[in-house]
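# Coordinates for the following, if possible.
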Amino acid sequence: MGVDLSMKVLVVDDYKTMIRIIRNLLKQLGFNEVDDAADGSEALVKMRDNAYGLVISDWNMEPMTGYELLKEVRADDGLSRTPFIMVTAESKTENVIAAKKAGVNNYIVKPFNAATLKNKIDAVFGD
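Residues are numbered from 1 along each chain as shown. Below you'll find the predicted structure:
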């Protein structure tokens, strides 16, 4: 089936530079519909107003973390099936386990490049 490059992707990060980096990597991979949010609560509002094919969220944000966002998304019937990739600077085993238990589809440790991002996205969509 592969990845639908026309789907809308939501990038959630409180660090504008990181949003720009991920947005550029997604563009390199052929995604043109990229939206962003500065934290989990802003992302939830956007997700309830728009249909996103994928969410790529940072773990560490204030006031709502990516992990809290993931739990909210999975608990919401309208959003629960949205593919979700978590981005983090730390590859702590307990974080990976917690994210998996909460229903994350994949996990990326910073720094990463377009090839890594593509592999993670392909894995989510079972290419």
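
# lowest-pLDDT helix or strand in the protein?
In the chain, no helix or strand scores lower on mean pLDDT, DSSP states H and E than helix 93-102, which sits at a mean of 92.

# Go through that helix and flag the buried ones.
Residues of helix 93-102 classed as buried by neighbour count (16 or more other Cβ atoms under 10 Å): Asn95, Val96, Ala98, Ala99, Ala102. Every residue, glycine included, has its C-beta placed from N, CA and C.

# Spatially central residue in the protein, please.
The centre of the chain sits closest to Ile56, judged by Cα atoms, centre = their mean, with a distance of 1.3 Å.

# Assumed it was part of a helix.
No - using DSSP: H, G, I helix; E, B strand; the rest coil, the assignment for Ile56 is strand, not a helix.

# So it sits against Ile21, correct?
No - Ile56 lies out of contact with Ile21 (Cβ atoms under 8 Å); the separation is 11.1 Å.

# for this protein, what are the low-confidence residue spans?
For the chain, the stretches with pLDDT under 70 are 1, 127.

# quick one: the helices in it?
Secondary structure of the chain (DSSP state H): helices at 16-28, 40-49, 66-75, 93-102, 114-124.

# Let's have these in JSON lines, adding distance to Ile85.
Compiled in JSON lines, the helices of the chain are given as follows (distance: least, Cβ to Cβ, whole Å):
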{"stretch": "helix 16-28", "distance to Ile85": "10"}
{"stretch": "helix 40-49", "distance to Ile85": "13"}
{"stretch": "helix 66-75", "distance to Ile85": "10"}
{"stretch": "helix 93-102", "distance to Ile85": "10"}
{"stretch": "helix 114-124", "distance to Ile85": "6"}
